[in-house]
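A.B. asks: no letters, just coordinates:
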């Protein structure tokens, strides 16, 4: 009887592992996926050397997985583009549910800039992530979505036929990756998705804390100069998805890039009410 139970348990384990999502990310010495992207070299870093409140670019590589072919297939929505997102949670609770869209970095690699502690929504994660020696384990599931220039969610929660909806990523360690033990030495500045050039990152129009475009660089210009038109020599306009427009919009929310004579620029959000 004990032997039979052992066989059953082994088979169950094999099924559970085979149903897990896999990525093409490299792994560290302990078997976790390396998800930190090195923006200076445009490749994965050699380790996940981040603490819970440290800002970094998270990335997944789906080369060789069913997602690679799914991304190449014709979108369901007319004129849409396919991309990837990730639903995620931690051993201490959830993070913001809106911080899930990923942007293509290159080929089959998609990513976003994260700060796990800033994205936290639960009291346990907020409190425990920044206690000395605390480790945060991150779990999640990659899923697909589609967007157009005027519809950030033309398709949502989309999966290849070969992957059951809701299947979690597991390199064999249970969680995707883990942070370093917290030392209270690497506090990242607070930031929101709309603090950076490119807008709200395919979002629903709500700025998301601790989350923005991969490898984002904040324009370092004093606040009082943001709306100044002194020395402005050029203007560019973008929708909230970061797609450049041919001319200034006549109505709605858009991004206005003001280019100065010294080649620096600022990006401001502007809104025009319809006259109709």
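C.D. replies: Thanks, I have it. Computed from a prediction, not measured in an experiment: that's the story for all the values here. Residues are numbered from 1 along each chain as shown.

A.B. asks: regarding residue 233, what is its secondary structure?
C.D. replies: The local conformation at residue 233, judged by DSSP: H, G, I helix; E, B strand; the rest coil, is strand.

A.B. asks: quick one, what contacts it?
C.D. replies: 259-261 (C-beta atoms under 8 Å, 6 or more residues apart in numbering). Yep, even glycine has a C-beta here, placed from its N, CA and C like the rest.

A.B. asks: if we go to 6 Å?
C.D. replies: residue 261 (C-beta atoms under 6 Å, 6 or more residues apart in numbering).

A.B. asks: relative to residue 255, how far out is it?
C.D. replies: Distance of residue 233 to residue 255, given as C-beta to C-beta, to the nearest Å: 18 Å.

A.B. asks: ok, residue 49 next?
C.D. replies: 34 Å.

A.B. asks: out of the two, which sits in the more crowded spot?
C.D. replies: residue 255 (24 against 14; other C-beta atoms under 10 Å).

A.B. asks: quick one: the more buried one is in a helix?
C.D. replies: No: counting by three-state DSSP, residue 255 is not part of a helix but strand.

A.B. asks: can you name the residues bridging to it?
C.D. replies: residue 238, residue 269 (DSSP bridges).

A.B. asks: can you list the strands that the biggest strand by length in the chain pairs with?
C.D. replies: Assignment by DSSP state E gives strand 137-148 as the longest strand of the chain. Strand 137-148 sits in its sheet next to strand 81-90 (antiparallel), strand 151-158 (antiparallel), strand 177-178 (antiparallel), going by DSSP bridges.

A.B. asks: centre of the chain to the helix or strand that the last one is followed by, how far?
C.D. replies: Secondary structure here is assigned by DSSP states H and E; on that basis, the next helix or strand after strand 177-178 toward the C-terminus is strand 211-212. Taking C-alpha atoms, centre = their mean, to the nearest Å, one finds the center of strand 211-212 at 7 Å from the center of the full chain.

A.B. asks: so where's the stretch 51-200 of the chain shaky on pLDDT?
C.D. replies: Applying pLDDT under 70 to the stretch 51-200 of the chain flags residues 186, 197, 199.
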